[in-house]
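[1] Return atomic coordinates for the entry below.
(one chain, ligands or ions: 1)
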Amino acid sequence: MQVSKIAVMGFGVVGSGTVELFYKNRELIEQRCARKMDIKYILDLRDFPGSPFEDKFIKDFSIIENDPEIKVAAELMGGVTFAYDYTKRLLSRGVSVVTSNKELVARHGAELIKLAKANRCNYFFEASVGGGIPIIRPLHQCLAANRIERIAGILNGTTNYILTKMVYDQLPFDQALAEAQRLGYAERDPSADIDGADACRKLCILGSLAFGKHIYPEYVHCSGIRNIALDDLEYVANAGYSVKLIGLIEKTEKGLVATVCPRLVSVSNPLSGVNDVYNAIMIRGDSVGDTLFYGRGAGKQATASAVVADIIDAVKHENADIASLTWEDSADRSFMVPYKSADVRVYVRVSSHDADSLKGLITTLFGYVDFIPRKHRSESELAFITPAIEEYMIDKKLAILSEHADIMRKIRLL
Ligand code: HSE
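    Reported below is the predicted structural model:
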């Protein structure tokens, strides 16, 4: 019987997890695929003496590129230089590529999908969003009958872990981040996690697939969780909310709006109870309504689960591209509207020598607002939640308020 030969490029956390999972469940995988399969090469510049896969390691990409037996390759190297070059070269030769590389998909997805289709192969990236959570296939297959109206998700495990630690262990941001780094969740340079770039890339992939046009990271307003203080978390809890880093893309009457930023999430919303390194994604379709996908958003085994599933699908679909996994490139962003043109409610914390005296001005500016109580609240501080107004208007009103008080924090509501 013919054996489908696979190449794995990159033997880091996800690469090693993929190889280990494949051999652990190989018999079952082959049954489900109705094909014999084997990993022929593992590409990595490092040496792995004593590895059970020692005979498979190579350092030269051209061996994979020039081997006609290889019909599927997993790009698990990360980055957008070699990964981009190798992916293009393989797809050009009709070799399907599967990846967990969200940076590459968010930056070059439209081009790579087009290249795959032109060469009757596939570019799959289930593992690029939500780790092990099935989300890419449900979006373009199970929900294919729907017009997608909104996607809202907790798309980064590190920031969710930090926010959970802040609430439950009362650790300030810096200490919660140090704990995340100690446990290996955050990178040594954690800025891609905590400033929102990682979640932004994932939102771009989901949004592109849902709305059919490439949403580049520059099209998304992005801010992270560095400024969230324990004081804010206490105020919002008193008002019945938690704070989560939310990737949100939604269709409004004016156009598509996309943001990644911390948001207050009502305790009645299931996203509010998603804690630790877990991710969750809510997708609203015009027929199905709200759907919720939940699971481990990162980690070796969870991500390998999605990569191996893509390998199986790529082997099953040799010489036939999956038509629904696609979107167009978009050179301009005219289909998107500025996030500040969307109506939003915001939480505001202000500081002034006599904050209570500002209540009249705040009410005059915003109409009805919810002032939030807090035990032992200092007289120099006040927190409130505005009604839903266009964000440009909110900023104008806050500019007037800032003549009388320091605006300490502004956090949008979901
Ligand atoms: N740093 C990412 C996270 C890893 O924390 O979610 C998975 O993309």
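[2] Quick check: the gap between the nearest residue to Pro270 once chain neighbours are set aside and Gly153.
    The shortest distance from Pro270 to any non-neighbouring residue, by Cβ to Cβ, 6 or more residues apart in numbering, is to Leu292 (5.7 Å). All C-beta atoms are positioned from the backbone trio N, CA, C, and that covers glycine. Separation of Leu292 from Gly153 (Cβ to Cβ, to the nearest Å) stands at 10 Å.
[3] I'd like the distance between the closest residue to the ligand within the stretch 301-414 of the chain and Gly297.
    Proximity of the stretch 301-414 of the chain to the ligand (Cβ to the nearest ligand atom) peaks at Thr303, 7.2 Å away. Note on Thr303: its distance to Gly297, by Cβ to Cβ, is 9 Å.
[4] go on, Lys213?
    25 Å.
[5] Now do the same contact list for the residue in the stretch 251-400 of the chain positioned nearest to the ligand.
    Closest residue of the stretch 251-400 of the chain to the ligand, Cβ to the nearest ligand atom: Ala298 (3.5 Å). Going by Cβ atoms under 8 Å, 6 or more residues apart in numbering, Ala298 touches 131, 157-158, 185, 277, 279.
[6] So it: helix, strand or coil?
    Three-state assignment for Ala298 (DSSP: H, G, I helix; E, B strand; the rest coil): coil.
[7] hang on, the earlier thing: Lys213 and Gly297: who's more crowded?
    Gly297 (29 against 19; other Cβ atoms under 10 Å).
[8] correct me, but that one touches Gly130?
    Yes. Look at Gly297 against Gly130 with Cβ atoms under 8 Å: they come within range, at 5.2 Å.
[9] what's the overlap in contacts for these two?
    Counting by Cβ under 8 Å, 6+ apart, the shared contacts of Gly297 and Gly130 are 155, 279.
[10] Ramachandran angles for Ser335?
    In this structure residue 335 is Phe, not Ser. phi -80, psi -10 (degrees, to the nearest 10).
[11] tell me, how many neighbours does it end up with?
    Around Phe335 there are 13 other residues, counting by other Cβ under 10 Å.
[12] what does the one 5 residues further on give?
    Other residues lying near Lys340 total 15 when counted by other Cβ under 10 Å.
[13] repeat for Arg374
    Number of residues near Arg374 (other Cβ under 10 Å) recorded here: 16.
[14] which element is it on?
    Using DSSP states H and E, Arg374 sits within no helix or strand.
[15] Same question for Asn279.
    Here Asn279 sits within strand 278-285, counting by DSSP H and E.
[16] what do you get for Arg409?
    strand 406-413.
[17] ditto for Glu379
    Residue-wise, Glu379 maps onto no helix or strand under DSSP H and E.
[18] tell me the contacts of it?
    Per Cβ under 8 Å, 6+ apart, neighbours of Glu379: 354-356.
[19] so what does the strand holding Arg409 touch, helix or strand wise?
    helix 230-238, strand 256-266, strand 346-351, helix 391-401 (3 or more Cβ pairs under 8 Å, 6 or more residues apart in numbering; DSSP states H and E).
[20] Tell me what angle the shortest one forms with strand 406-413.
    When you say that, I think you mean strand 346-351. 160 degrees (axes from the mean of the first three to the mean of the last three Cα atoms, to 10 degrees).
[21] Kindly report the residues of the stretch 101-250 of the chain close to the ligand.
    With the criterion set to Cβ under 6 Å from any ligand atom, the stretch 101-250 of the chain comes near the ligand through 131, 156-158, 185, 193, 198.
[22] Looking at those residues, which two lie furthest apart in space?
    Farthest-apart pair in those is Gly131 and Asp193; separation 13.5 Å (Cβ to Cβ).
[23] per-residue confidence averaged over stretch 233-245?
    Averaging pLDDT along stretch 233-245 gives 97.
[24] Ends of it, what's the gap?
    Stretch 233-245 has an end-to-end distance of 13 Å (criterion: Cα to Cα, to the nearest Å).
[25] show me what contacts the spatially closest residue to Asp231 that is not a sequence neighbour?
    With sequence-adjacent residues excluded and distances taken as Cβ to Cβ, 6+ apart, Asp231 is closest to Arg349, at 7.0 Å. Arg349 makes contact with 231-232, 235, 381-383, 407-409, according to Cβ under 8 Å, 6+ apart.
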